[in-house]
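Chemist: no FASTA, just this:
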């Protein structure tokens, strides 16, 4: 019996030592406490009977043994009432519990496992899980942040999809055809309007070089070569600056798109390069079917032609009648009768001149008039025009000097148009200079960079100056002198007839052929008109009509 | 005085010695004035009111010179000129034609017609006096001889 007892005693001692070492060395914190209750059996405090080594490490509380928690951790009742509740319950019921809690006075999170070895007592085994909690929180925060980003992205995605859908809807609704290519001419975009105008489906052209699926012809039905294609000119053109090739109804170059069914239509095309960081990454073309515009233009032209032809018939008859009458072919007349017949004749001539002028104006406005320059000696042409006007000059007893320098005087001119311009300017000088006045015409070559009459010349020109000692143009009316139908007040006063279209036509001719016209003038002193034709000549213009000059000499 | 639209059986003395001119013009007054002025100048005058009539008379009477308007009913001046040059034999190919019209010469149709059929002149009616036209006629006839 003693042996068994001894074995038991040893066992007990061994197990005691085991437990002690376990108690002391476990990584967790251990606290063996007695629960304290108030008069109403509410848990209000506990006393630390025994704590292990790690208790201090984990809680930061020193010399806890023998102390009550309320004195050890002030404020614990307010910050962690659940501890009292749980410990109280566990120590009474013996039911163990495992929980996490944040102890604010210690600023730590604990995972606590509490059981009761004996009623009124409890053992709390705990770990400091503050780090874990922080990580968990960070993770939770990260999750929320990620969710927010995802939501934002989703919104962005939806917005993008929406914008994209809007763009596609816009593109599909654009009435004009839109085609875009990459820098090699491969078609990337082909809108609905392009599909319907050309009779080709988008899927059949995307990814293919434009000149392999889209064909163009000129008016005569000849295929337009690749170099002449607008897209080509923009993508591979020599100029590195922005090139936009436009074809409109008034230029001679006529581009027609060929539909899938081989029919064709005239198109107005604008192609522009697409730039990204200064390099061309592609081209974008917008085009329109201008069949209707073309036919309207043609109809307008034809109407004007016909109308003016019809309008000139009765005055022509009157002109011829007056000629025969005044030549005495149908009898003799009194002086008064002859005077009236002369009046009829001059009024009639004015009407013919007006119709011709209106016809010219409409040709200018329709853009249908032609400029066909041929190299001529300006000096010779000028002196011919002046010679034709000699009667008018002598009539008003004016002095006209004409000095022309031969150097550089061979210039490409459209003679009829040049004639119109000079005629008009000199006739104005004659009409608006009182008797006995002078008109000076001076012509010479002039180099670019010089300033004359307030204007800086940007290229080498042949300059013609027509200066008179006439009524001049009032300062406040000078800006309108080239506008349609404008006549200065003093001009109106001095000369009843005049339709205000002459200078408008002159300016239009010059604008269209690359020339310049300007003037300086002072009321009652005179006017000086400057006319500059580039030495490279008048610029040619394709057109179907000519402007009509007045036969000033023949009245 | 009655306007003679069709070539007359000459009431005047024989045509011999007088140069024959045909005017093809649909406007009555203008036609009358040319006929009267040219007659006063000593020419024998024939007149037609449209291209079809003009072609018939030209082929039959073979005038020395034709004054031709362009815009006319039934057949235009350009068409008549075409047909005359093509179907008129040696006469049709060489007869002097003066186009007298109010239409601008730069119409493409007109330019083509002019280039092809070589009229002697293209004159704008409203710009030219009778006496100027008479001068041009005389000039042209003189050159032919």
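Modeler: In hand now; what should we look at? Worth saying up front: this structure is predicted, and the values here are computed from it rather than measured.

Chemist: Over to residue A:78. Which of the three states is it?
Modeler: Following DSSP: H, G, I helix; E, B strand; the rest coil, residue A:78 is assigned to helix.

Chemist: Equivalent analysis for residue B:103, please.
Modeler: coil.

Chemist: And for residue A:448?
Modeler: Here residue A:448 is recorded as coil under three-state DSSP.

Chemist: The residue of the stretch 401-550 of chain A found nearest chain B and residue B:51: what is the separation?
Modeler: Residue nearest to chain B within the stretch 401-550 of chain A (Cβ to the nearest Cβ): residue A:546, separated by 4.4 Å. The way it works is simple: take the backbone N, C-alpha and C, and place the C-beta from them, glycine included. Relative to residue B:51, residue A:546 is positioned 25 Å away (Cβ to Cβ, to the nearest Å).

Chemist: So which of these two has more stuff around it?
Modeler: residue B:51 (27 against 22; other Cβ atoms under 10 Å in any protein chain shown).

Chemist: correct me, but the more buried one touches residue B:79?
Modeler: Yes: Residue B:51 is in contact with residue B:79 according to Cβ atoms under 8 Å; the separation is 5.6 Å.

Chemist: quick one: common contacting residues for the two?
Modeler: Residues touching both residue B:51 and residue B:79 by Cβ atoms under 8 Å, 6 or more residues apart in numbering or on different chains: none at all.

Chemist: And the pLDDT at residue 145?
Modeler: No chain in the question, so chain A it is. Listed pLDDT for residue A:145 reads 89.

Chemist: my bad, chain B
Modeler: Looking at residue B:145, the pLDDT reads 59.

Chemist: Spell out which residues of chain B are next to chain A.
Modeler: B:27, B:29-30, B:33-34, B:36-37, B:40, B:71, B:102-108, B:125-127, B:129-132 (Cβ under 8 Å from any Cβ of the partner chain).

Chemist: Just the buried residues of those.
Modeler: By neighbour count, with 16 or more other Cβ atoms under 10 Å in any protein chain shown, those hold B:27, B:29-30, B:33-34, B:36-37, B:71, B:102-104, B:106-107, B:125-127, B:129-130 as buried.

Chemist: In chain A, where is pLDDT below threshold?
Modeler: Applying pLDDT under 70 to chain A flags residues A:1-4, A:237-253, A:496, A:544, A:549-555.

Chemist: Please go through it and pick out the longest helix.
Modeler: Scanning chain A for the helix with the most residues, using DSSP state H, yields helix A:130-173.

Chemist: okay, the angle between the very next helix or strand once past that helix and helix A:130-173?
Modeler: Note on helix A:130-173: by DSSP states H and E, the next helix or strand toward the C-terminus is strand A:177-182. Interaxial angle, strand A:177-182 versus helix A:130-173 (axes from the mean of the first three to the mean of the last three Cα atoms, to 10 degrees): 130 degrees.

Chemist: Give me the contacts around strand A:177-182.
Modeler: A:171, A:187-191, A:193-194, A:197-198, A:210, A:214, A:231, A:235, A:274, A:281-288.

Chemist: In chain B, where's the longest helix?
Modeler: Chain B, longest helix under DSSP H: helix B:130-144.

Chemist: Show me what that one is packed against.
Modeler: On a contact count with 3 or more Cβ pairs under 8 Å, 6 or more residues apart in numbering or on different chains; DSSP states H and E, helix B:130-144 meets helix A:291-326, helix B:28-40, strand B:65-68, strand B:96-101, strand B:121-124.
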